[in-house]
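>>> I need the structure of the sequence given here:
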Amino acid sequence: MNLFEKMFNYQIMTRLNETGLFTWTSQERAWLRMMIEHPAAQEALNPATLTKLNHMLDGEKHLNLQDYLTEKAKSEESSVSHPLLRPLRQMILNGEGFQMTGRIRNGRTSQEQFGFPYKLEYSMVKKEWYVLWYAPHFARLMSTKLHSITKLEPRSIKPEAASRYKASIALITEKRKTTITIEVLPEFNAELSRILYAFSCFEREVKYNEANHVYRILLTVPRNEVDYVLSKMRFLGKRVRIIDHSALQERMSETAAKVLARYADSESKQLGHETAAQGD
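Here you go, the predicted structure:
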């Protein structure tokens with residue numbers, strides 16, 4: 001594709017976005033058709049939405065992944081949906097609160113807690129849904145697994161109270177964030193897109209120093225996600241380094257020292273065996 005074609009396509013996409021239209025490819029339509037045929041779609045979507053999607057995708061080709069993928073040693077599947085997803089999503093959209101009873105640690109039960117839900121999250125690691133909510137009585141942000149909830153009832157609240165809760169949520173969330181500056185070593189500038197993809201779930205700002213040919217990525221990260229950032233740093237290895245967070249630099253240094261020590265022990269043992277063999 002030449003430069004003029006790129007400019008023309010960009011202009012078309014800009015105008016479509018301004019008018020609120022959305023374009024999708026045949027592969028995306030085929031993928032969506034496969035998704036709504038999954039058993040979990042019956043629980044996740046209301047009947048009207050499911051009927052509308054089926055009507056829109058009527059006649060669309062099936063995406064036969066079996067032609068390209070082979071499953072081996074497949075583990076038992078658990079449902080990715082949950083019966084409480086729909087009512088909670090409705091409460092969030094309507095700006096409502098809830099009265100919740102649920103199981104907590106040590107087998108105890110929390111009775112009739114009032115809360116204001118603001119987000120639903122799915123953990124890819126634990127394969128579980130969480131509801132994030134604000135507890136006005138304690139002025140704290142809470143996180144609860146959906147399968148721990150035994151009773152949930154919506155509670156209407158005044159618009160001014162909802163606005164106050166949202167402002168408190170935004171303030172607490174902002175206070176919980178930290179910034180990390182990551183520098184890309186110049187010899188790996190060609191891999192910038194791969195590096196940015198590794199941190200795609202966070203707010204990012206990229207700066208380029210023309211004099212040194214150095215890219216710097218400023219990440220805004222919730223403090224409870226710092227360990228995830230460190231795992232990505234270890235995955236990217238010598239391509240990147242943290243330049244402005246002494247605590248994280250120290251943790252990365254400790255990790256590197258432990259790895260080097262482990263290999264140094266192996267090398268010393270191997271040298272000892274070789275020396276003993278030569279002595280024999």
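>>> going by C-alpha atoms from here, please, whenever you check contacts or count neighbours.
Fine.
>>> buried ones in stretch 197-206?
199, 202, 204 (16 or more other Cα atoms under 10 Å).
>>> typo on my end, it should be stretch 139-158
141, 144, 145, 146, 149, 152, 154.
>>> rewinding a little: just the buried residues of stretch 197-206: which are in strands?
residue 204 (DSSP state E).
>>> can you verify residue 98 is assigned to a helix?
No. Assigned with DSSP: H, G, I helix; E, B strand; the rest coil, residue 98 falls outside any helix and is strand.
>>> can you tell me how far it sits from residue 154?
4 Å (Cα to Cα, to the nearest Å).
>>> was I right to think residue 102 contacts residue 114?
No. The criterion here is Cα atoms under 8 Å, and residue 102 misses it with residue 114 at 11.8 Å.
>>> strands - which of the buried residues of stretch 139-158 land there?
Mapping the buried residues of stretch 139-158 onto strands (DSSP E) picks out 141, 144, 145, 149, 152, 154.
>>> report the beta-bridge partner residues of residue 153.
Beta-bridge partners for residue 153, by DSSP bridges, are residue 99.
>>> can you pull the contacts of it?
For residue 153, the contacting residues are 98, 99, 100, by Cα atoms under 8 Å, 6 or more residues apart in numbering.
>>> could I get these as TSV with distance to residue 119?
Formatted as TSV, the contacts of residue 153 follow (distance: Cα to Cα, whole Å):
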residue	distance to residue 119
98	13
99	16
100	16
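>>> what bridges to the residue lying closest to residue 104 once chain neighbours are set aside?
Spatial nearest neighbour of residue 104, excluding adjacent residues (Cα to Cα, 6 or more residues apart in numbering): residue 110 at 6.7 Å. Assessed by DSSP bridges, residue 110 has beta-bridge partners residue 102.
>>> the one 10 residues further on too?
Residue 120 has these beta-bridge partners by DSSP bridges: residue 131.
>>> which pLDDT value belongs to residue 139?
Looking at residue 139, its pLDDT is 92.
>>> now it: how far from residue 165?
In terms of Cα to Cα, residue 139 sits 9 Å off from residue 165.
>>> and for residue 235?
On the measure of Cα to Cα, residue 235 and residue 165 end up 39 Å apart.
>>> between the two, who's got more neighbours?
Between residue 235 and residue 165, counted using other Cα atoms under 10 Å, residue 165 has the larger neighbour count: 22 against 12.
>>> which SSE is the more buried one in?
helix 159-175 (DSSP states H and E).
>>> ok, the helix or strand just after that helix: who's next to it in the sheet?
Downstream of helix 159-175, the next assigned helix or strand under DSSP H and E is strand 177-184. Strand 177-184 pairs in its sheet with strand 214-222 (antiparallel), strand 240-242 (antiparallel), by DSSP bridges.
>>> in a markdown table: those strands, plus mean pLDDT, mean neighbour count and distance to residue 175.
Below are these laid out as a markdown table (pLDDT from 0 to 100; neighbours: other Cα atoms under 10 Å; distance: least, Cα to Cα, whole Å):
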| stretch | mean pLDDT | mean neighbour count | distance to residue 175 |
| --- | --- | --- | --- |
| strand 214-222 | 93 | 19 | 9 |
| strand 240-242 | 94 | 19 | 21 |
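>>> now distance to residue 124 too, for those, in JSON lines please.
Shown next, in JSON lines, are the strands paired with strand 177-184 (distance: least, Cα to Cα, whole Å):
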{"stretch": "strand 214-222", "distance to residue 124": "18"}
{"stretch": "strand 240-242", "distance to residue 124": "25"}
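>>> of all those strands, which one is nearest residue 190?
strand 214-222 (10.7 Å; Cα to Cα).
>>> for residue 35, what are phi and psi?
phi -70, psi -40 (degrees, to the nearest 10).
>>> quick one: contacts for the closest residue to it other than its chain neighbours?
The shortest distance from residue 35 to any non-neighbouring residue, by Cα to Cα, 6+ apart, is to residue 41 (7.2 Å). Going by Cα under 8 Å, 6+ apart, residue 41 touches 35, 50, 81.
>>> closest to residue 174 among the residues you listed?
Closest approach between the contacts of residue 41 and residue 174, by Cα to Cα: residue 81, at 29.8 Å.
>>> the closest one touches residue 42, doesn't it?
No. Using Cα under 8 Å as the test, residue 81 is too far from residue 42 to be in contact (9.2 Å).
>>> so these two - more neighbours on which side?
Neighbour totals were compared for residue 81 and residue 42, and residue 81 leads with 18 against 13 (other Cα under 10 Å).
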